[in-house]
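Novice: Test case, fold it:
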Amino acid sequence: MPRRLAVPAIALALALFGGGTARAQDRTDVFAASLKQSPVFVSDSVTRRVSDADRAALLREVERMPFPTYVVVAPYLSESLTGSEQLALLRDQLGEDGLYVYSDDRGNTLELAAFGVQLPISDHDITMAAYWDHDRDDPALEKLRYALALARGEPRMPKSQRARISPSEGGPMPTFGEAEEEDEEDSSLALPALGVFLLGGALSVTGLERLRRRRKQRPGLRANAHPEINTRERALNQHARLAREIARRRDPSERALELEAAASMALDRRSPIDDLGALVLAQRGREALKGAERQRCFFDPRHKGRATPTRWQSSRATIDVPACSRCAADIAKGEVPESVWDGERPYWKRDTVWARTGFGALREDMRRALAEDRS
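Specialist: Model (predicted):
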């Protein structure tokens, strides 16, 4: 049986991305001091999405916990520590065993670590359940309350109410077309077998009301350019994986951090062409972490192979663009290469941030390009 401490349960949520350069020691000192006064800490900088009412709701959830669990919802803690290291440091400074959970104000960065207490399932499985079962746009409070409920041993929500079903539980695997190489590491996004979860019943905070709020499906990219049906799903997966990989690095490159932020901004725009942009930026961010970022084809960033500078005359201008061997051969023959379509025309014929930047092929600073875009 786990040793139970006398202190109240506490849920901790810490964001890894969002700015701030204070040393980790300084930041955790502040959080530890705050948590000694109250089991839930919400930074003043995130109150736009996590209100005082949300904080009160988290306090009520904390009081129901069977073991100590600690809450901070705050911006970026440290560039030099992984998420688990940050939680371990906070635990050492607070001096209490228990469950430590962190999240940003959107709930998109959520991680748990248990010290000296026994969870009904692993903290990793709880994290992944919150990732799969909730929509990216659901409020952070819902994701946090769900994670705490699972940590208490409450059942996982029924499959019919989940935002997505993981491949390990019968959900679809990401679809890759001929024009793109499959990421050999994507399979690690799938949840391991979760036989310990009960499939009956759902938390009151979710259910049909959450399903009604889920965003409607939108028409996709031109099918003859590339099937789009799983583009957003894959973009979310790639961005989540990039965020986790950055969190594990002691000194992630500035380029990877910029691309992660840009991919997040693109996902928030919520259209098929923006989802594709987010996917490309997240993939480039993962490459940048490994020091192996490759140039993409201007006409379709999912085309295989090395892209080389190629002189191309469009209906607007003559410019040098990176083109894969197939597209370069089309240009040499005087033909228009097969491109990504945005609606009923090639994407580069539209006045969008993606047309102006070629999904990053023509401009490196995509975070600023997206911030400056008003379309």
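Novice: Lowest-scoring secondary structure element of this structure by mean pLDDT?
Specialist: helix 208-213 (a mean of 34; mean pLDDT, DSSP states H and E).
Novice: care to break the chain down by domain?
Specialist: 24-189, 214-289, 308-372 (automatic domain parsing).
Novice: out of those, nearest to Gln295?
Specialist: Closest to Gln295 of these, according to Cβ to Cβ: domain 308-372, at 4.8 Å. No exception for glycine: its C-beta is placed from N, CA and C like everyone else's.
Novice: start to end distance for that closest one?
Specialist: 28 Å (Cα to Cα, to the nearest Å).
Novice: Return the distance of it from the chain's centre.
Specialist: 27 Å (Cα atoms, centre = their mean, to the nearest Å).
Novice: Name the helix or strand for the residue nearest the centre of the chain, please.
Specialist: The centroid of the chain falls nearest to Ala240 when counting by Cα atoms, centre = their mean (3.3 Å). Per DSSP states H and E, Ala240 falls inside helix 231-248.
Novice: Then Phe41 would be within a strand, right?
Specialist: Yes. Membership of Phe41 in a strand is supported by DSSP: H, G, I helix; E, B strand; the rest coil.
Novice: can you give me the helices in the chain?
Specialist: Assigned by DSSP state H, the chain shows helices spanning 24-37, 52-63, 83-94, 123-133, 140-152, 208-213, 231-248, 254-269, 272-289, 325-332, 353-357, 366-372.
Novice: confidence score at Glu338?
Specialist: Looking at Glu338, its pLDDT stands at 89.
Novice: Adjust the sequence numbering to begin at 298 for everything that follows.
Specialist: OK, 298 is where the count begins now, so the last one is Glu635.
Novice: Now do the buried residues in the helix holding Ala537.
Specialist: Counting neighbours by 16 or more other Cβ atoms under 10 Å, one finds that the buried residues in helix 528-545 are 528-544.
Novice: Which elements pack onto that helix?
Specialist: Helix 528-545 sits against helix 551-566, helix 569-586, with contacts defined as 3 or more Cβ pairs under 8 Å, 6 or more residues apart in numbering; DSSP states H and E.
Novice: what about the last one, average pLDDT?
Specialist: Computed over helix 569-586, the mean pLDDT rounds to 94.
Novice: Please identify the buried residues of that helix?
Specialist: Here helix 569-586 shows 569-586 as buried, counting by 16+ other Cβ under 10 Å.
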